[in-house]
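>>> can't give you the sequence, but here's the structure:
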DNA sequence: ATCAATTAATGGTATATGCCACTATTGGAA
DNA sequence: TTCCAATAGTGGCATATACCATTAATTGAT
């Protein structure tokens, strides 16, 4: 079975995280495929949906994503007519984002498939385990590496 | 603080995984920056290093990565002279990969920085917690979504 | 009011990754 | 042997994501 699990890989938190992300991403994308959008796009549409016409910076912060990366990621969604942007009237530096009617429709369609993927994953991995994994991942996303570790 | 943690995001295993990956990737990349290579590249060099002149397919399988994606990722490393490939004499379909002397040097350099990143992360996140996180991530990477869930 | 510092977003460039179509080899069946 | 099916990689195309330099708008200090 070759060297699927070598010491180094297993020890690197970052490598393990990326590897699991590839695996899960492929799975969710696979299930989402019939909708024509990727899991990342579904997640982004959802984030825009639940936000109140969020500013790009707010979305980027919520997703712990680089602002320019968000801009790039948004382009195909704008091109395909699922999302539109508009300048904040009070501060024209700020660009807000919202779903178009087609975007809302597409999101609904994708959410149905998302539920399927989500359920199939938790069925296989374990619902409890998934919940504690998400909690750990949430912690990581919130870490502040600049600050010295709090004395526990 | 806006809506940094909305219900949907927190519930999607895939989105949470990606978000944490972005965060941790930025951190490891940051620490690795002085070496001139990214954390993904360090991981790949290491994987090649520990493999015995591994075939591309073997690397891809170990990393749960698409074979063509691996090919693309390898290009900058070959271009920069850290890695070289050669056809397997017994089966010319197979292309094997190895580090060049510069590749070995670069890997050593990067590994020192990797240790720093690794330690700083675990210091902040918790060593135990990191270990169980990696275990969970390893499980995910090994999942088989095609098979019906084993009756527990 | 004026102008420097700050903030928000864009565009360029580069890596990370996936899927698909295609090519080159191999291996096995007829 | 011959030929088809399976295997291993490549190349093209598209999205995901980061960093940097630059531009547009604001804000705050003088």
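Yep, it's here. Remember, predicted model here, so these are calculated numbers, not experimental data.
>>> relative to helix B:127-142, how tilted is the helix or strand where residue A:128 lies?
In this assignment (DSSP states H and E), residue A:128 forms part of helix A:127-142. Counting by axes from the mean of the first three to the mean of the last three C-alpha atoms, to 10 degrees, helix A:127-142 lies at 120 degrees to helix B:127-142.
>>> got the contact list for helix A:127-142?
Here helix A:127-142 makes contact (C-beta atoms under 8 Å, 6 or more residues apart in numbering or on different chains) with A:64, A:121-122, A:125, B:5, B:10-11, B:13, B:16-17, B:19-20, B:23-24, B:125, B:129, B:133, B:136. Where you see a C-beta, it was placed from the backbone N, CA and C, and this is true even at glycine.
>>> for those residues, which PyMOL command selects only the ones that are buried?
Selecting the buried subset of those in PyMOL, with 16 or more other C-beta atoms under 10 Å in any protein chain shown as the burial test, is done by:
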select buried, (chain A and resi 64+121+122+125) or (chain B and resi 13+16+17+19+20+23+24+125+133+136)
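>>> off-centre distance for the helix holding residue A:128?
14 Å (C-alpha atoms, centre = their mean, to the nearest Å).
>>> quick one: mean pLDDT over that helix.
Averaged over helix A:127-142, pLDDT sits at 97.
>>> and what of stretch A:46-55?
For stretch A:46-55, the mean pLDDT works out to 96.
>>> just checking, residue A:65 touches residue B:21?
No. Residue A:65 lies out of contact with residue B:21 (C-beta atoms under 8 Å); the separation is 10.8 Å.
>>> buried sites along the lengthiest helix in chain A?
Longest helix of chain A, by residue count under DSSP state H: helix A:101-125. Buried residues in helix A:101-125, counted by 16+ other C-beta under 10 Å: A:103, A:106-107, A:109-111, A:113-114, A:117-118, A:121-122, A:124-125.
>>> any part of it near DNA strand C?
No. Residues of helix A:101-125 are not located near DNA strand C by C-beta under 7 Å from any atom of the strand, the shortest gap being 13.4 Å.
>>> any part of that helix near DNA strand D?
No. Using C-beta under 7 Å from any atom of the strand, helix A:101-125 stays clear of DNA strand D, with a minimum separation of 11.7 Å.
>>> and the contacts of that helix?
A:24, A:27-28, A:30-32, A:34-37, A:39, A:41-42, A:45-46, A:48-49, A:77, A:81-83, A:99, A:130, A:133, B:11-14, B:139-140, B:143-145, B:149.
>>> okay, the angle between that helix and helix B:127-142?
Computed by the same axes, to 10 degrees, the angle separating helix A:101-125 from helix B:127-142 equals 100 degrees.
>>> run the chain-centre distance for helix A:101-125.
13 Å.
>>> same check on stretch A:117-128?
Worked out by C-alpha atoms, centre = their mean, stretch A:117-128 lies 18 Å from the chain centre.
>>> how about stretch A:83-100?
Offset of stretch A:83-100 from its chain centre (C-alpha atoms, centre = their mean): 21 Å.
>>> run through who's touching it.
Counting by C-beta under 8 Å, 6+ apart, A:45, A:48-49, A:51, A:53-57, A:59, A:74, A:77-78, A:81-82, A:103, A:107 sit against stretch A:83-100.
>>> just the endpoints, please. Distance across it?
Stretch A:83-100 has an end-to-end distance of 5 Å (C-alpha to C-alpha, to the nearest Å).
>>> right, is it up against DNA strand C?
Yes. Using C-beta under 7 Å from any atom of the strand, we find that stretch A:83-100 touches DNA strand C at A:85, A:91, A:93-96.
>>> report pLDDT for residue A:4.
pLDDT, residue A:4: 43.
>>> against residue B:142, how distant is residue A:32?
Residue A:32 sits 22 Å away from residue B:142, taking C-beta to C-beta, to the nearest Å as the criterion.
>>> correction: the previous question concerned residue A:12.
From residue A:12 across to residue B:142, the span is 17 Å (C-beta to C-beta).
>>> who has more neighbours, those two?
residue A:12 (22 against 13; other C-beta atoms under 10 Å in any protein chain shown).
>>> generate a ChimeraX selection restricted to the buried subset of the contacts of helix A:101-125.
Selection of buried members from the contacts of helix A:101-125 for ChimeraX, criterion 16+ other C-beta under 10 Å:
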select /A:24,27,28,31,32,35,37,39,41,42,45,46,48,49,77,82,83,99,130,133 /B:12,13,14,140,143,145
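>>> before I go, just wanted to say thanks for your time.
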